[in-house]
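S.K.: What shape does this take:
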Amino acid sequence: MKKLTNYRRTVQYLQKIYNLINAEYFNGELEEITLTVQESVRSYGHVSVSETWFTTDNKAMKELNVSANYLTRDIIEVVTTLIHECSHIYNMQHGVKDTSNGYIYHNKKFKKTAEEMGKIKIDRSEKYGWTISTPTEETIDFCIRNGLENIEIRRKSDFSFGGFTGGTNGNNTLPRPTTRKPSSTRKYICPCCGNSFRATKDINVICADCDVQFVKIG
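M.R.: Numbering: from 1, shown residues only. This next block holds a predicted model:
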């Protein structure tokens, strides 16, 4: 297999994985979606709660986005993100309300589907509920059996405040930064739990509680 350093090929590859997950874990029941790869430093992925893509013959589809910023994580982690979002799709199709508080807080109904059908491990975030997703031996075996390889292209984070909208599972918003005097340190904040710290240089750090990357805000 050629290295996944091409954007178009990467999107097709992720669509292939979606189809494999659908067949392996969700009995082939998941609806057709439009898979996108777009900027998202707030989460590894999200799925829209309503149809957002329409063809000229009036076919409507939900959007499943995989963050362009985190594509080069281990493929096992990327697959775990896709299974997480597929669990939301499955629940929506079966009338199961698995989130609240503007689609942010994940309840035990989500945990049940993701663990029992998707075979991933779900732990609880104090603020955002049962949303922390971890691969299992089943996930690893799935990747090996299907010969899945790491993606080698991603988008450099270019985070800006403002303009965020809700309406999708997995999205959170951050407050606008206040004006401050220039400083030799950078402030980093977790977009989920709000934990923060300062550093004297640019670094990449993942919040152990929420499993998302800290965002530099100043």
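
S.K.: Who are the contact partners of the residue nearest to Thr113 when sequence neighbours are not counted?
M.R.: Distances taken as C-beta to C-beta, 6 or more residues apart in numbering place Ser87 nearest to Thr113, at 4.6 Å, with adjacent residues excluded. C-beta: built from backbone N, CA, C; applies to glycine. For Ser87, the contact set (C-beta atoms under 8 Å, 6 or more residues apart in numbering) comprises Asp98, Phe110, Thr113, Ala114, Met117, Gly118.

S.K.: measure Ser87 to Arg198 for me?
M.R.: As for Ser87, its distance to Arg198 is 36 Å (criterion: C-beta to C-beta, to the nearest Å).

S.K.: and Ile206, how many neighbours?
M.R.: Around Ile206 there are 13 other residues, counting by other C-beta atoms under 10 Å.

S.K.: and it, what is it in contact with?
M.R.: Shown in contact with Ile206 (C-beta under 8 Å, 6+ apart): Val212, Gln213, Phe214.

S.K.: Counting neighbours, which of the contacts of Ser87 comes out on top?
M.R.: Ala114 (28 neighbours).

S.K.: a helix runs through that residue, doesn't it?
M.R.: Yes - the assignment for Ala114 by DSSP: H, G, I helix; E, B strand; the rest coil puts it in a helix.

S.K.: residue ranges for the strands of the protein, please.
M.R.: Using DSSP state E, the strands of the chain run over 34-38, 45-48, 53-54, 60-61, 63-67, 99-100, 105-106, 121-125, 129-134, 168-169, 186-189, 196-199, 215-216.

S.K.: Kind regards, and thank you for your time.
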